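# Sequence first, predicted coordinates after that:
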Amino acid sequence: MGPGQPPVAIVPAWPPLVVTGLLGFTVAGVLLWAVYARREAKKLRSDPRLDLAPALPLPEPRPVVSILIPARNEAATLGPCLRSLLAQTVPAREILVVDDQSTDGTGAVAGAMAARHPQIRCLRVEELPEGWGGKNHALALGAAKASGEWLLFTDADTQHAPEALAQTLAYSCHQGLALCSLTGRQRCESFWEHAVQPVVYAFLDFRFSLKRIRDPACPDAAANGQYLLVRREAYERAGGHAALRGDLLEDVALARRAKALGYRIGLVRAPELVATRMYTSLGGLWEGWTRNLLLLAGGRVGAAVEIAAWLLGLSVVPFVAGGTLLIGVGTGAAPPAAGVIAGLACAAILAQEAGLRRLRGYAPGWAVLQPLGALAVLAILVRSTWRGLLGLGVTWKGRAYSARA
């Protein structure tokens, strides 16, 4: 060091125990991921699935279907949804749009479509009765006006392949299902959608077994309200949406009631048949999943703790440990070999996540956001659980609800 030069800061080397511990957390994460990824990939490949292949023949006479769409401030998405439903290879008898006190022109969009297509009918909710959820009330109103022997409940932000209804109806009839729900492709366009949505749906895949839902001897039941086809007889015997008036997870509740009555139900993967973009912003993700995440965990704090441990162990701790080691190597506090191992371990985890995202229909390149997405979902889960514990309820589309499963 020459005269006038500042002294070089020497970072003390970390104790071997610290380096070994950080390496242990990182390598353990890789091993956990190897077990998890193998299990999930096997399940994803063996789950019941519908695609664009030719449909099974429909029974004669052809079943009559009514489609019901609850719509509250959905002016931006309702038009494309209706156009995709009008293009079905097996047309529904009627498409009922229930405008749930929208303030954004949803009613005008529905009315303009109905003027061109007599198949579409518009209903308007004038008042939300005490104790009802908005969606449940809208669907109950629509079901009371529908004439089909099958009812298809679908959301205004969905888009449907032309074969979707034919495939689902034929599959339900041939499999003897009274309720068949599709889990479709989740469209992700923004940064936070790519970060959060695959992590939430990975949790749902981990929690729900489609084979157990299908098994009449197993009590497990679930459905996806984005696409839920049900026989009217089963729907009415289950009490319809009037029996679910306060349930925020009305789709799961309806599936439970139908299965408890002895009806066969099914939840089927169909990424080619239906697609949904649930939320378009971080704020929408934050509020929407705060409303549902604890309920999707069964409404139990213990289950929320298990999910938090799952998120931390798989997607947070390994990257925090590996990142700390890489910083240590950069400052000279950790040996270079530790950084190489940490970097390879993190890369291996992200490669496995990319493979799972590909199987689930997401862009695999966004797998690099897995740690950030896990932290975001963890924060949402904490908020959802906290509000549930305090009985604060949730707010959605300008309405306040008490949270109950």
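That came through fine.

# for the record, mean pLDDT for stretch 315-331?
Regarding stretch 315-331, the rounded mean pLDDT is 94.

# What lies in contact with it?
11, 14, 19, 22-23, 25-26, 28-30, 32-33, 199, 334-336, 338-339, 341-343, 345-346, 349, 370-371, 373-375, 378 (CB atoms under 8 Å, 6 or more residues apart in numbering). The way it works is simple: take the backbone N, C-alpha and C, and place the C-beta from them, glycine included.

# Now do the helices in the stretch 301-405 of the chain.
301-311, 317-331, 336-360, 370-390 (DSSP state H, counting those that start in this stretch).

# Can you list the buried residues in the longest one?
Neighbour counts over helix 336-360 (16 or more other CB atoms under 10 Å) mark 338-339, 341-343, 345-346, 348-350, 352-354, 356-357, 359-360 as buried.

# what's the answer for the last one, then?
Taking 16+ other CB under 10 Å as the basis for neighbour counts, the residues of helix 370-390 that come out buried are 370-378, 380-381, 383-385, 387-388.

# Same check on the first one?
Of all the residues in helix 301-311, those buried under the rule 16+ other CB under 10 Å are 304, 307, 308, 310, 311.

# mind putting the helices of the stretch 301-405 of the chain in JSON lines, distance to residue 233 included?
Output for those, formatted as JSON lines (distance: least, CB to CB, whole Å):
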{"stretch": "helix 301-311", "distance to residue 233": "33"}
{"stretch": "helix 317-331", "distance to residue 233": "50"}
{"stretch": "helix 336-360", "distance to residue 233": "34"}
{"stretch": "helix 370-390", "distance to residue 233": "35"}
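
# Out of those, which is closest to residue 231?
helix 336-360 (29.3 Å; CB to CB).

# Centre of the chain to the closest one, how far?
25 Å (CA atoms, centre = their mean, to the nearest Å).

# same for that helix, what does it pack against?
helix 16-46, helix 191-207, helix 317-331, helix 370-390 (3 or more CB pairs under 8 Å, 6 or more residues apart in numbering; DSSP states H and E).

# One more pass at 6 Å, please.
Counting contacts by 3 or more CB pairs under 6 Å, 6 or more residues apart in numbering; DSSP states H and E, helix 336-360 packs against helix 16-46, helix 317-331.

# Comparing these, which comes out most buried?
The highest mean neighbour count among those, using mean count of other CB atoms under 10 Å, belongs to helix 317-331: a mean of 19.

# now it, how far from the centre of its chain.
32 Å.

# The residue most central in space within the chain and residue 28: what is the separation?
The centroid of the chain falls nearest to residue 201 when counting by CA atoms, centre = their mean (4.9 Å). Shown here: residue 201 relative to residue 28, a distance of 25 Å by CB to CB, to the nearest Å.

# just residue 148 next, same as before
For residue 148, the distance to residue 28 - CB to CB - is 54 Å.

# Just the pLDDT at the nearest residue to residue 376 once chain neighbours are set aside, thanks.
Spatial nearest neighbour of residue 376, chain neighbours left out: residue 196 (5.2 Å); criterion: CB to CB, 6 or more residues apart in numbering. Listed pLDDT for residue 196 reads 96.

# Would you agree residue 196 is in contact with residue 373?
Yes: applying CB atoms under 6 Å as the test, residue 196 and residue 373 come out as touching, 5.2 Å apart.

# Grab the nearest non-local neighbour of residue 358.
Excluding its sequence neighbours, the residue lying closest to residue 358 (CB to CB, 6+ apart) is residue 364, at 4.6 Å.
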